[in-house]
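Peer 1: Next input, structure requested:
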Amino acid sequence: MKTIVHPEDRLRLLLAHKNRKMAVSAHAYVRGSTRRFYEWLNQADHAEIPAGPPVWICGDCHIGNLGPVGSGGGGLAIQIRDLDQAVIGNPAHDLIRLGLSLAMAARSSDLPGVVTALMMEKMVDGYTSAFLLEATDDADDVPVPKTVAGAMHAAARRSWKHLADERIEGEAVLPLGSRFWPLSQDERQEVEEFFSDEKIRRLAASLRESGDPDHIPDHISVKDAAYWRKGCSSLGRLRIAVLLQIGKGKERRYCLMDVKEAARAAAPTDPSADMPSDDGERVCQGALALSPHLGRRMASGRLLGRAVFVRELLPQDLKLEIDTLSQEEAVSVAEFLAYIVGRAHARQLDAAARLRWIAELGRSNGSPLEAPIWLWNAVVELVSIHEAAYLEHCRRFALKLERPDEVVG
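Peer 2: Numbering: from 1, shown residues only. Prediction:
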């Protein structure tokens, strides 16, 4: 029997879900404790971290926020897939965040510390190699690891039927239960008004597989909508899945839209940055700069009094899941993912700026490691902080498990 979650119960259930996910492993804890990373950046003295050129950065650059992304026109590439924290800031922060995520993945895979050191070195190799290409050149010179190649192969084989089988039930209905929760009457009404806006209708029209992208079909309607329990770092934020019907009769087709609240970014911003004041538009602009495949199929707006951004979910959009790594694969993954982040940063800079950043990035302060000492020191300190915080989280979560009345299943 399915449990139907009412709107007033959402926050309590989301908190329990987040606690469970973060207790799975230290690596999972890092993914769900983004603000602890920002606190470290803001509170400690990090004079040794180089001040990179102000560019759009992911802001929350961990392994799970990279993966296969479809272009909507048949293209497929590994790109950054979550831009909630995107800001114009210091690209070194993305490197540190990625380094922490990779180091925790290595520890969760029970790999020796020497592998983490090698990962940091290869990470810098992959990142800097991206800056040696032409700004518009997306050729992959870095070998694709088996883990990533497998995800790409799976993404390339997926079709709308796969997405529908996973997300949709019966006659084009979102199945209420553990993932999809009912909207209130007022929420449903506002969702319908949101998708009647010409800007949002134009986005839906532009994502069609054929026809004139400037032509807005006469019939675009909300077939179904539900609150979507997804992720664990955006606790309490608005997240709504919307099934749109475009066209009628034999010509009708469906598309699944993801509407997500754009909260104020916690990632440090460059003081001179000129960013949109609207957070939905900030996310969309960051996506265009960092992940073009994704950015070109997004739009911003306001829903239920909150800034939001909306995108069509494509069957090719997959999260890069890395549960365990061998020593060889860990080093290869570190190099490749850093290369992807490097491409996202490098395409925003001219040739001279790219060379200046590479030179600044490489200063190692006499470290025997090939990786810069500032990066190594930052990752080591952050691993220590997050390991201790993870154990404390598990202790507190275990205590709650002993009191069933406080735990929501």
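Peer 1: count of residues packed around residue 182?
Peer 2: 16 (other C-beta atoms under 10 Å). C-beta here means a position set from N, CA and C on the backbone, and glycine is covered the same way.
Peer 1: check contacts around it.
Peer 2: By C-beta atoms under 8 Å, 6 or more residues apart in numbering, the residues touching residue 182 are 4-7, 176, 226-227.
Peer 1: Just the buried residues from those, in PyMOL please.
Peer 2: A single PyMOL command selects the buried members of the contacts of residue 182 (16 or more other C-beta atoms under 10 Å):
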select buried, resi 5+176+226+227
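Peer 1: Let's see which of the contacts of residue 182 end up in strands.
Peer 2: Mapping the contacts of residue 182 onto strands (DSSP state E) picks out 226-227.
Peer 1: out of the contacts of residue 182, who's nearest residue 337?
Peer 2: Nearest to residue 337, judged by C-beta to C-beta, of the contacts of residue 182 is residue 227 at 31.7 Å.
Peer 1: Report the separation between the spatially closest residue to that closest one that is not a sequence neighbour and residue 22.
Peer 2: Closest residue to residue 227 apart from its sequence neighbours, by C-beta to C-beta, 6 or more residues apart in numbering: residue 181 at 4.2 Å. In this view, residue 181 and residue 22 are 21 Å apart by C-beta to C-beta, to the nearest Å.
Peer 1: again with residue 272
Peer 2: For residue 272, the distance to residue 22 - C-beta to C-beta - is 35 Å.
Peer 1: just residue 152 next, same as before
Peer 2: Remark: distance between residue 152 and residue 22 (C-beta to C-beta) = 28 Å.
Peer 1: which one of these two has more residues nearby?
Peer 2: Set side by side, residue 152 and residue 22 show more neighbours around residue 22, with 22 against 19, by other C-beta under 10 Å.
Peer 1: what secondary structure does residue 256 sit in?
Peer 2: Following DSSP: H, G, I helix; E, B strand; the rest coil, residue 256 is assigned to strand.
Peer 1: Which parts of the stretch 101-250 of the chain are strands?
Peer 2: Per DSSP state E, counting those that start in this stretch, the stretch 101-250 of the chain carries strands over the ranges 180-181, 220-228, 239-246.
Peer 1: Any chance of CSV for these, columns mean pLDDT?
Peer 2: Formatted as CSV, the strands of the stretch 101-250 of the chain follow (pLDDT from 0 to 100):
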stretch, mean pLDDT
strand 180-181, 88
strand 220-228, 90
strand 239-246, 90
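Peer 1: Among the ones you listed, show me which one is buried the most.
Peer 2: The highest mean neighbour count among these, using mean count of other C-beta atoms under 10 Å, belongs to strand 180-181: a mean of 24.
Peer 1: and that strand, what does it pack onto?
Peer 2: strand 220-228 (3 or more C-beta pairs under 8 Å, 6 or more residues apart in numbering; DSSP states H and E).
Peer 1: Show me what the strand it packs on is packed against.
Peer 2: Counting contacts by 3+ C-beta pairs under 8 Å, 6+ apart, strand 220-228 is packed against strand 180-181, helix 185-194, helix 198-206, strand 239-246.
Peer 1: Please name whichever of the ones you listed is nearest to residue 65.
Peer 2: Checking the helices and strands packed on strand 220-228 against residue 65 by C-beta to C-beta gives strand 239-246 as the closest, at 16.0 Å.
Peer 1: For the closest one, C-alpha coordinates in PDB please.
Peer 2: Coordinates of each C-alpha in strand 239-246 appear next as PDB, following Å, rounded to 0.1, in the frame of the first residue of the first chain:
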ATOM      1  CA  ARG A 239      10.700  20.800  -6.200                       C
ATOM      2  CA  ILE A 240       7.900  19.900  -8.600                       C
ATOM      3  CA  ALA A 241       7.700  17.400 -11.400                       C
ATOM      4  CA  VAL A 242       5.300  18.400 -14.200                       C
ATOM      5  CA  LEU A 243       4.100  16.200 -17.000                       C
ATOM      6  CA  LEU A 244       3.200  18.400 -20.000                       C
ATOM      7  CA  GLN A 245       1.000  17.300 -22.900                       C
ATOM      8  CA  ILE A 246       1.900  19.100 -26.100                       C
END
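Peer 1: between that strand and helix 198-206, how many degrees?
Peer 2: Interaxial angle, strand 239-246 versus helix 198-206 (axes from the mean of the first three to the mean of the last three C-alpha atoms, to 10 degrees): 60 degrees.
Peer 1: So which elements touch strand 239-246?
Peer 2: helix 185-194, helix 198-206, strand 220-228, strand 253-261.
Peer 1: I'd say residue 197 and residue 301 touch.
Peer 2: Yes: using C-beta atoms under 8 Å, residue 197 makes contact with residue 301 at a distance of 6.5 Å.
Peer 1: For residue 317, give me its contacts.
Peer 2: Contacts of residue 317 (C-beta under 8 Å, 6+ apart): 67-70, 81, 155, 294.
Peer 1: Residue 334 and residue 120 touch, don't they?
Peer 2: Yes: taking C-beta under 8 Å as the definition, residue 334 is a contact partner of residue 120 at 7.5 Å.
Peer 1: Quick check: neighbours shared by those two?
Peer 2: By C-beta under 8 Å, 6+ apart, the residues touching both residue 334 and residue 120 are residue 102.
Peer 1: Grab the longest helix from the protein for me.
Peer 2: For the chain, the helix that runs over the most residues, judged by DSSP state H, is helix 373-401.
Peer 1: In three-state terms, label residue 310 for me.
Peer 2: strand.
Peer 1: Pull up the gap between it and residue 10, please.
Peer 2: For residue 310 relative to residue 10 (C-beta to C-beta), the value is 20 Å.
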